[in-house]
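Trainee: show me how the following folds:
(one chain, ligands or ions: 1)
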Amino acid sequence: MLTRLYFTPVHRQEDSNTLTVGVNSSEAGSQQSLVSNESSASSLQSNDENIQISSYSATTWQLLKLCKPDWHYIFGGFIFLLAASVTEIFIPYFEGHVINDIVKSTSDTQIRDAIITLGLITFATSVCTGIRGGLFMVAVARMNIRIRNLLFQSVVKQDISFFDQSTTGEITSRLTSDVTKMSDEVTLNINTFLRGIIKVIGTTIFMFVLSFRLTVVTLISLPLIAIIVDYFGEWYKKLSKSVQDSLASANGVAEEVCSSIKTVRSFACESYEIQRYAKKLKITYGHKLKQAILYAGFEFTNEMLDLAITVVTLYYGGHLVITGQISGGMFIAFILYQLEMGESVEDLGEVYTGLMQAVGAADKVFELLDRKSEFTCNGTYAPAQLSGHIQFKDVSFSYPSNRERMVLDKVSFEAKPGEVIALVGQSGSGKSTCISLLERFYEPASGEILIDSHPISEYDHEYLHRKMALVGQEPVLFARKLEENIAYGHENCEFEDIRQSAIEANADEFIQDLHHGYGAYAGERGHNLSGGQKQRIAIARAIVRKPCILLLDEATSALDAYSEHLVQQAIKANCKNRTVIIIAHRLSTVEDADRILVIDKGKVAEEGNHFSLLAKNGIYTKLVKNQLLSTSKDSPQQDELCSDADQKSPTTPSLTTEEI
Ligand SMILES: Nc1ncnc2c1ncn2[C@@H]1O[C@H](COP(=O)(O)OP(=O)(O)OP(=O)(O)O)[C@@H](O)[C@H]1O
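Mentor: Predicted coordinates for the structure are as follows:
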């Protein structure tokens, strides 16, 4: 009974996720808590102090601050907890009295009175325990929801480099298992801790009152038990950590395989992956086996110690009863207190491990909660009119994950309002990076990006992104209806506008053919649609916003030649009165651009229109020649198809530079 101290709780952590988030822990320190920034989270408490979270005490302090909005539930819970624990302590005492009355065969009235008293105390304990449990559960639920909301707000507002460097699994594990562990365990363990403390103190007092000598005999064994349990506990904890790590590693395999199932299937690697997963689980099994052996050893020691304490108590207690130093009923009451004490000490042991786990999880959660984005989106400039004049001035940039390698080196160019600027060049030359910087996914290392002569950092985040629309290389759709996907971020959009933009993006026809039309679900990340269909929806999503700056990064790469031709016409029609930056590997799609910039190794190598660049006989000409060569070698049919579909483009075939 007493011997279970520290040991049992370790079981609970076995299946928890131990993935660590890829956040620089040093960044966590001295960060302003995000809690303070969110006025929208009404009941989410503010906290605008810089908090170091390098220690458990700091984390615990933060946790307590997070509990503040629920203080009335927690306080109420503690009041009922106190009442329940105190009344509970009296129960064995009155049970002893009832037994004494029965043994001594005193009057029925006395037995009845003692039972009524016992019943009333038990009733009061039950009521208080019930209310305590309910109040704590509400507090846990509220805290859980609040932390998740805060954490999600923090995650969504991180800079893109944070997502480049963390895996989705890591982030979701913070949002799920760590938050649950943190909110549930903290509240439950504080609850258990207080209850345990009150009960240990109360039962010890009652035990001393009932028999001083028996209590001393019981307590003498405590240090021995503590040493043995601590020894086993430490060993067990180490093994539990190994189990957790190996399970996390196995989870990593499962997550990777499930998210890349098409690749796994197309390479027929199912058996290989199954074996890889099984190998990881075998390692877990090895650790669990050691745990089982240790547990068996502990159980044996535990039972023997239990037996020893029981024998000593019964022998010495029996002697005290026989010699009339304690009544039989009170001796039974003493044993009941001894059992209660054992349970309470066990609870306190669980609390220690549970709290350490919860604070550990909380540390990780706060690390992410307090992580500040490398740059802020707190610009406020939002002019009534935006003409869409883009300027890159000596922009240099390297990705945060590889600071040494300059991806853009003093890039300067300009796109005047209404101009169509094309960026072409070899794969990896830095074209998409220009668009990413314009979208403010990253901050340039040096140089300036201006729109209408104002640095983009000065613009209000939402305003800027209302005025600028991007169709990316791999458009991602959300698991919602198609009409919701088109209207994404444009809440007050009329259905007519949605339909019109779909018509312009050449998407209306295939949408109408779907069973639910515009109400059809796109599936997770748009899996229910083909690549070309996804691109057309993404184009419609951009068009419907009527942006003054349109960014097209390989926006038609997944379309067949005929659809591409139609969408190009739609884009062209939509380019009027807009500044458009277009990236395309198929040079035929950009030869009409007002200016073409050839990006080579992060620099603007050439600039001009299609004909002036051809006349230069430089990199652009080489790209065109390579495409012509590749076309004539590889796909005569494609030429025919293109010439049918794309009458305006006799000079440049529809092939990609990557194919060269
Ligand atoms: N998130 C990232 N983190 C680190 N490096 C990156 C990242 N994205 C791109 N890069 C690197 O930056 C360089 C430029 O990439 P970018 O995507 O701008 O090229 P690109 O010209 O658009 O190529 P493509 O035509 O193939 O799309 C590449 O070498 C690429 O490896």
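
Trainee: and whichever residue of the stretch 201-350 of the chain sits closest to the ligand, how many neighbours?
Mentor: When scored by CB to the nearest ligand atom, the stretch 201-350 of the chain has Ser259 as its residue closest to the ligand, at 18.3 Å. Every residue, glycine included, has its C-beta placed from N, CA and C. Neighbouring residues of Ser259 were enumerated by other CB atoms under 10 Å; the total is 13.

Trainee: quick thing: my sequence starts at 2, can you match it?
Mentor: Got it, the first residue is 2 from now on, which makes the last one we talked about Ser260.

Trainee: and it, how far is that from Ala249?
Mentor: 16 Å (CB to CB, to the nearest Å).

Trainee: how about Ala423?
Mentor: 46 Å.

Trainee: give me the more crowded residue out of these two.
Mentor: Residue environment comparison for Ala423 versus Ala249 gives the larger neighbour count to Ala423, 24 against 18, counting by other CB under 10 Å.

Trainee: sketch out the low-pLDDT regions of the stretch 52-201 of the chain for me.
Mentor: Residue ranges of the stretch 52-201 of the chain with pLDDT under 70: 52-64, 106-107.

Trainee: skip the chain neighbours and tell me the closest residue to Arg406.
Mentor: Ser399 (5.6 Å; CB to CB, 6 or more residues apart in numbering).

Trainee: OK, contacts around the one you found?
Mentor: By CB atoms under 8 Å, 6 or more residues apart in numbering, the residues touching Ser399 are 405-408, 446.

Trainee: kindly report the same for Ser502.
Mentor: Residues in contact with Ser502, defined by CB under 8 Å, 6+ apart, are 487, 541-542, 544-545.

Trainee: could I get the residues you listed as a markdown table with secondary structure?
Mentor: Shown next, in a markdown table, are the contacts of Ser502 (DSSP: H, G, I helix; E, B strand; the rest coil):
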| residue | secondary structure |
| --- | --- |
| Ile487 | helix |
| Ala541 | helix |
| Arg542 | helix |
| Ile544 | helix |
| Val545 | coil |
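
Trainee: with the residues you listed in mind, which one is nearest to the ligand?
Mentor: Of all the contacts of Ser502, Arg542 has the smallest distance to the ligand: 20.4 Å, by CB to the nearest ligand atom.

Trainee: please convert the buried members of the contacts of Ser399 into PyMOL selection syntax.
Mentor: Buried residues within those, as defined by 16 or more other CB atoms under 10 Å, are selected in PyMOL through the command that follows:
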select buried, resi 407+408
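
Trainee: the contacts of Ser399 also near the ligand: which ones?
Mentor: With the criterion set as CB under 6 Å from any ligand atom, the members of the contacts of Ser399 near the ligand are Val408.

Trainee: pull out the buried residues from stretch 249-256.
Mentor: Under the neighbour-count criterion of 16+ other CB under 10 Å, stretch 249-256 has 249-254, 256 buried.

Trainee: and for stretch 75-88?
Mentor: Across stretch 75-88, burial judged by 16+ other CB under 10 Å covers 75, 77-79, 81-82, 84-88.

Trainee: report the two of those separated the most.
Mentor: Taking CB to CB, the two most distant members of the buried residues of stretch 75-88 are Ile75 and Thr88; they sit 20.5 Å apart.

Trainee: what is the neighbour count of Pro384?
Mentor: Other residues within reach of Pro384 by the criterion other CB under 10 Å amount to 13.

Trainee: so it sits against Glu459, correct?
Mentor: No. Under the criterion of CB atoms under 8 Å, Pro384 is not in contact with Glu459, lying 10.6 Å apart.

Trainee: now do the shared contacts for the two.
Mentor: Both Pro384 and Glu459 lack any common contact, where contact means CB under 8 Å, 6+ apart.

Trainee: reformat the contacts of Ser399 as CSV; add pLDDT and secondary structure.
Mentor: Shown next, in CSV, are the contacts of Ser399 (pLDDT from 0 to 100; DSSP: H, G, I helix; E, B strand; the rest coil):
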residue, pLDDT, secondary structure
Glu405, 86, coil
Arg406, 89, coil
Met407, 91, coil
Val408, 93, coil
Ala446, 91, coil
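
Trainee: ok, of the contacts of Ser399, which one's closest to the ligand?
Mentor: Proximity to the ligand was ranked across the contacts of Ser399 by CB to the nearest ligand atom; first place goes to Val408, at 4.2 Å.

Trainee: residue contacts, that closest one?
Mentor: 398-400, 431, 434, 603.

Trainee: and Val394, backbone torsions?
Mentor: In this structure residue 394 is Lys, not Val. Backbone torsions for Lys394, taken as degrees, to the nearest 10, come to phi -120, psi 110.

Trainee: ugh, wrong one, I meant His528
Mentor: Per-residue torsions, His528: phi -60, psi -20 (degrees, to the nearest 10).

Trainee: gap between it and the ligand?
Mentor: In this view, His528 and the ligand are 23 Å apart by CB to the nearest ligand atom, to the nearest Å.

Trainee: cool, and Ile132?
Mentor: Noted for Ile132: a distance of 53 Å to the ligand, by CB to the nearest ligand atom.

Trainee: ok, that residue touching Phe79?
Mentor: No. Ile132 is beyond contact range of Phe79, at 11.3 Å (criterion: CB under 8 Å).

Trainee: residues from the protein in reach of the ligand?
Mentor: When proximity is defined by CB under 6 Å from any ligand atom, the chain lies next to the ligand at 165, 400, 402-403, 408, 426, 428-434.

Trainee: ok, now with 5 Å
Mentor: By the rule CB under 5 Å from any ligand atom, the part of the chain lying against the ligand is 165, 400, 402, 408, 428-434.

Trainee: would you turn those into TSV with secondary structure?
Mentor: Formatted as TSV, the entries for these read as follows, by three-state DSSP:
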residue	secondary structure
Asp165	helix
Tyr400	coil
Ser402	helix
Val408	coil
Ser428	coil
Gly429	coil
Ser430	coil
Gly431	coil
Lys432	helix
Ser433	helix
Thr434	helix
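
Trainee: any idea which of those residues has the most stuff around it?
Mentor: Using other CB under 10 Å as the neighbour test, these are led by Lys432, with 25 neighbours.

Trainee: so where do the strands sit in the protein?
Mentor: Taking DSSP state E as the test, the strands found in the chain are 32-33, 51-52, 391-398, 409-416, 421-425, 447-452, 455-456, 469-472, 550-554, 580-584, 596-601, 604-609.

Trainee: report all helices and strands that the last one contacts.
Mentor: In other words, strand 604-609. Applying 3 or more CB pairs under 8 Å, 6 or more residues apart in numbering; DSSP states H and E, we find strand 604-609 packed against strand 409-416, strand 596-601, helix 611-617, helix 620-635.

Trainee: just want the angle from that strand to strand 409-416.
Mentor: Orientation check (axes from the mean of the first three to the mean of the last three CA atoms, to 10 degrees): strand 604-609 against strand 409-416 gives 30 degrees.

Trainee: what strands flank strand 604-609, and is each parallel or antiparallel?
Mentor: strand 596-601 (antiparallel) (DSSP bridges).

Trainee: what angle separates the partner strand from strand 421-425?
Mentor: Here strand 596-601 runs at an angle of 20 degrees relative to strand 421-425 (the same axes, to 10 degrees).

Trainee: got the buried residues for strand 596-601?
Mentor: 596-601.

Trainee: also stretch 499-515?
Mentor: 499-500, 502-503, 505-509, 511-512.
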